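1. The following block contains a protein sequence and its predicted model.
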Amino acid sequence: MTQSYSHGPDERGLFGPFGGQFVAETLMPLINDLAAEYEAAKKDPAFLEELAYFQRDYIGRPSPLYYAERLSEHFGGAKIYLKREELNHTGAHKINNCIGQILLAKRMGKKRIIAETGAGMHGVASATVAARFGLECVVYMGTTDIDRQQANVFRMKLLGAKVIPVTAGTGTLKDAMNEALRDWVTNVDNTFYLIGTAAGPHPYPAMVRDFQAVIGRETRAQILEHEGRLPDSVVACIGGGSNAIGLFHEFLDEPSVQIVGVEAAGHGIDTGKHAASMAGGKPGVLHGNRTFLLQDADGQITDAHSISAGLDYPGVGPEHAWLHHIGRVEYVPITDDEAMQAFQHCCRLEGIIPALESSHALAEAFKRAPSLPKDHLMVVNLSGRGDKDMQTVMHYLSLDEKAAEETRA
Amino acid sequence: MSRLQSRFAALKQENRAALVTFVTAGDPDYATSLAILKGLPEAGADVIELGMPFTDPMADGPAIQLANIRALGGGQNMVKTLQMVREFRTGNQDTPLVLMGYYNPIFVYGVDRFIADAKEAGVDGLIVVDLPPEHNDELCDPAQAAGIDFIRLTTPTTDDARLPTVLNGSSGFVYYVSVAGVTGAGAATMDQVEEAVARLRRHTDLPLCIGFGIRTPEHAAEVAKRADGAVVGSALIDKIAKAASPAEAVSGVLGLCRELAEGVRGARG
């Protein structure tokens, strides 16, 4: 029997020892219903046709696979391709999943959508599809994230969503997810929880992956068209990991394709101020699944840190935890500083302003490219655009300048 | 006979329901929390639920969230929670004590080590919010094999088709979460409680304790007329939150406990 990496999870939602359905009893009947409904929808030609329609005419798929000639020349090694998910409607890969889930919500007769958001991209995508389908939308967002993502907060409100600030904990993505779960447990009858990443209780990790897997399917067809062969490596950033699993899944059973996931190392793994749950965490159970988590010796969840709000989460999707565990995917950390450098290279050399999340993937690609042969084909998932990050980048660069001045003085 | 079985059997003889109290271990600090714990039986608590603090109590409302934050801020951890149970047991051999919380601190402590240490400390049962029967092999099965009861939460969303799955392997008592929501929020009406008790009775002979939203002696008495136990948590914890001193926290919790106990004891008049 040949080993396949792409058939998980099992019927209990487990990827090896990871995943599962670790939720309160109130939610169990709901997630079982959702799993059954999703299984039916997957086999329903009408559902798949509607999904394809919205992917094409609303999101604007397929997204281009773009040869980044100037970046490739600059680093002088691998041939770098960018999968342009930032060109999707709403500016990131998040909408791929939101369209899929809202069609399910509609199918299940739900009237109200709740979502959690970190950087705000998933919140915006959720508010967008809720507006399109005429459903009430409530987005939970940590107060720290609200402060650094003002523009996205405003976008959500324009789209008719209610943004509820979450002050608990550090006011970031984890706390927003706790609060969304509390809302869901309270409003079980009419509410659909639109989880934004490939994490949470089964069936979410598999379902979100499936809705994002369009990224990898398109990439395969496009690279075959451009180059006549599969890529040698694919690279994507990991917060919860939905853009990454969307790109990776298509290539898991292609042994010639090297797969690299990039975690946010914040100030550096050794400083303790990071969001790299695989490099700096250990297995545990949170938000419905067993996965790698940032936690202390007592099993208390510790705060994540990343300059990128979208990666600022102390866990990772369970399929990534498993792929890490078995070694099929290599996971590496990239610091805030490295991501900011890569961000600037991409702006200056390609005229593309990437999201800070995606800049982590770019940074790893730029690290590897120079020592690779010129015929090495590398695909980097440009998962989102950086317009939302202007405030953070301005702040970072002004600190940088100050530090430089101080050094000169 | 386990402590839980003996206690519920004795209460049945007295023709009254149990007052089940919940406080978080280490809230607001170890010494105060231990003083509260030790005082609860004398103040009328028949069964004690002791919360194991966790940073991310996803099914809890603001009162218990804050209790967790206070306890963790005071340095509470699993070792200290088990030590607290040990110290409680030196002075009390009769009152059943159930640890309640979330799975991760147990998982990280190590399931086998946890079961052994909990058993040795004098823990009678476990309620783990995020371990549904789908994950019985994680903790429920080994805990029961070691003689620790595993108490299930059932909810308004647990329908008749699912109830057997949930109740299969339940022991000690059944905790009915009477409203879909977080702790400390709204309460069920007495009609809903009656209906739920009747429904659960068709599926189990275990004692039925009802919780969520019970705050006053009158309310506890109404529930005690209809079920085998009334669970009170957030209202007791509010006394700790509002206390100006540790002494006031102890007297506040035990004072309310006495009133609730009076309500429960007088319920079936």
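-> In hand now; what should we look at? Numbers count the residues shown, from 1 in each chain, chains lettered A, B, ... in the order given.
2. burial measure for A:Ala127, as a count.
-> The number of residues packed near A:Ala127 is 29, by other C-beta atoms under 10 Å in any protein chain shown. (Glycine included, C-beta is placed from N, CA and C.)
3. quick one: which helix or strand includes it?
-> Here A:Ala127, judged by DSSP states H and E, is contained in helix A:121-133.
4. Packing partners of that helix?
-> Judged by 3 or more C-beta pairs under 8 Å, 6 or more residues apart in numbering or on different chains; DSSP states H and E, helix A:121-133 is in contact with helix A:94-107, strand A:112-117, strand A:136-142, helix A:150-158.
5. Make TSV out of the ones you listed and add mean neighbour count and distance to chain B.
-> Shown next, in TSV, are the helices and strands packed on helix A:121-133 (neighbours: other C-beta atoms under 10 Å in any protein chain shown; distance: least, C-beta to the nearest C-beta, whole Å):
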stretch	mean neighbour count	distance to chain B
helix A:94-107	24	18
strand A:112-117	26	12
strand A:136-142	24	12
helix A:150-158	18	23
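6. Which of these sits closest to A:Asp57?
-> Among these, helix A:94-107 comes nearest to A:Asp57, with 10.9 Å by C-beta to C-beta.
7. In chain A, which residue sits closest to chain B?
-> When scored by C-beta to the nearest C-beta, chain A has A:Gly299 as its residue closest to chain B, at 3.2 Å.
8. you'd agree that residue is up against B:Ile106?
-> Yes. Taking C-beta atoms under 8 Å as the definition, A:Gly299 is a contact partner of B:Ile106 at 7.5 Å.
9. what do the two both touch?
-> By C-beta atoms under 8 Å, 6 or more residues apart in numbering or on different chains, A:Gly299 and B:Ile106 have these common neighbours: B:Met78.
10. which stretches of the stretch 51-200 of chain B form helices?
-> B:62-73, B:78-91, B:103-109, B:111-121, B:140-145, B:163-167, B:190-201 (DSSP state H, counting those that start in this stretch).
11. Determine which of the ones you listed approaches A:Pro231 most closely.
-> Comparing those by C-beta to C-beta, helix B:103-109 comes nearest, at 37.7 Å.
12. and the stretch 251-400 of chain A, which of its residues are near chain B?
-> Applying C-beta under 8 Å from any C-beta of the partner chain, we find that the stretch 251-400 of chain A lies next to chain B at A:282, A:284-288, A:290, A:293, A:295, A:297-301.
13. for chain A, what spans make up the strands?
-> A:14-15, A:18-22, A:65-67, A:79-84, A:112-117, A:136-142, A:162-166, A:191-193, A:233-238, A:258-266, A:282-286, A:288-293, A:330-335, A:377-382 (DSSP state E).
14. Next, the contact list for A:Gly268, please.
-> Neighbouring residues of A:Gly268 by C-beta under 8 Å, 6+ apart: A:274, A:335.
15. Looking at the residues of the stretch 251-400 of chain A next to chain B, state which has the most neighbours.
-> When neighbours are counted by other C-beta under 10 Å, A:Leu286 leads these with 30 neighbours.
16. wait, isn't that residue in contact with A:Leu293?
-> Yes. With contact defined as C-beta under 8 Å, A:Leu286 counts as touching A:Leu293 (5.5 Å).
17. hey, what's in contact with both of those two?
-> In contact with both A:Leu286 and A:Leu293: A:301, A:314-315, B:104, using C-beta under 8 Å, 6+ apart.
18. ok, longest helix in chain A?
-> Longest helix of chain A, by residue count under DSSP state H: helix A:390-408.
19. pLDDT below threshold where in the stretch 101-250 of chain B?
-> Of all residues in the stretch 101-250 of chain B, none has pLDDT under 70.
20. Can you show me the strands along it?
-> Secondary structure of the stretch 101-250 of chain B (DSSP state E, counting those that start in this stretch): strands at B:125-128, B:149-150, B:152-154, B:174-177, B:208-211, B:229-232.
21. mind saving the C-alpha coords of the first one as CSV?
-> Extracted as CSV, the C-alpha positions of strand B:125-128 are listed here (Å, rounded to 0.1, in the frame of the first residue of the first chain):
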residue,chain,number,x,y,z
GLY,B,125,-15.4,12.7,40.4
LEU,B,126,-14.4,14.7,37.4
ILE,B,127,-16.3,17.1,35.1
VAL,B,128,-14.3,18.0,32.1
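22. counting contacts, what elements does it pack onto?
-> In terms of contacts (3+ C-beta pairs under 8 Å, 6+ apart), strand B:125-128 is packed against strand B:97-101, strand B:149-150.
23. again, 10 Å this time
-> Counting contacts by 3 or more C-beta pairs under 10 Å, 6 or more residues apart in numbering or on different chains; DSSP states H and E, strand B:125-128 packs against strand B:47-51, strand B:97-101, helix B:103-109, helix B:111-121, helix B:140-145, strand B:149-150, strand B:152-154.
24. For that strand, give me every contacting residue.
-> Under the criterion C-beta atoms under 10 Å, 6 or more residues apart in numbering or on different chains, residues A:22, B:2-4, B:22, B:47, B:49, B:51-52, B:96-104, B:106-107, B:114-115, B:118, B:135, B:138-140, B:143-144, B:148-153, B:171-173, B:175 lie in contact with strand B:125-128.
25. separation between B:Asp205 and B:Ile151?
-> From B:Asp205 over to B:Ile151 the distance is 15 Å, taken as C-beta to C-beta, to the nearest Å.
26. What of A:Ala125?
-> A:Ala125 is 40 Å from B:Ile151, by C-beta to C-beta.
27. Also B:Tyr109?
-> 19 Å.
28. again with B:Lys38
-> From B:Lys38 over to B:Ile151 the distance is 23 Å, taken as C-beta to C-beta.
29. and the two? which has more neighbours close in?
-> Comparing B:Lys38 with B:Ile151 by other C-beta under 10 Å, the one with more neighbours is B:Ile151, at 24 against 17.
30. ok, now which ones touch the more buried one?
-> Residues near B:Ile151 by C-beta under 10 Å, 6+ apart: B:4, B:47, B:49, B:98, B:100, B:124-128, B:140, B:170-175, B:206-207, B:209.
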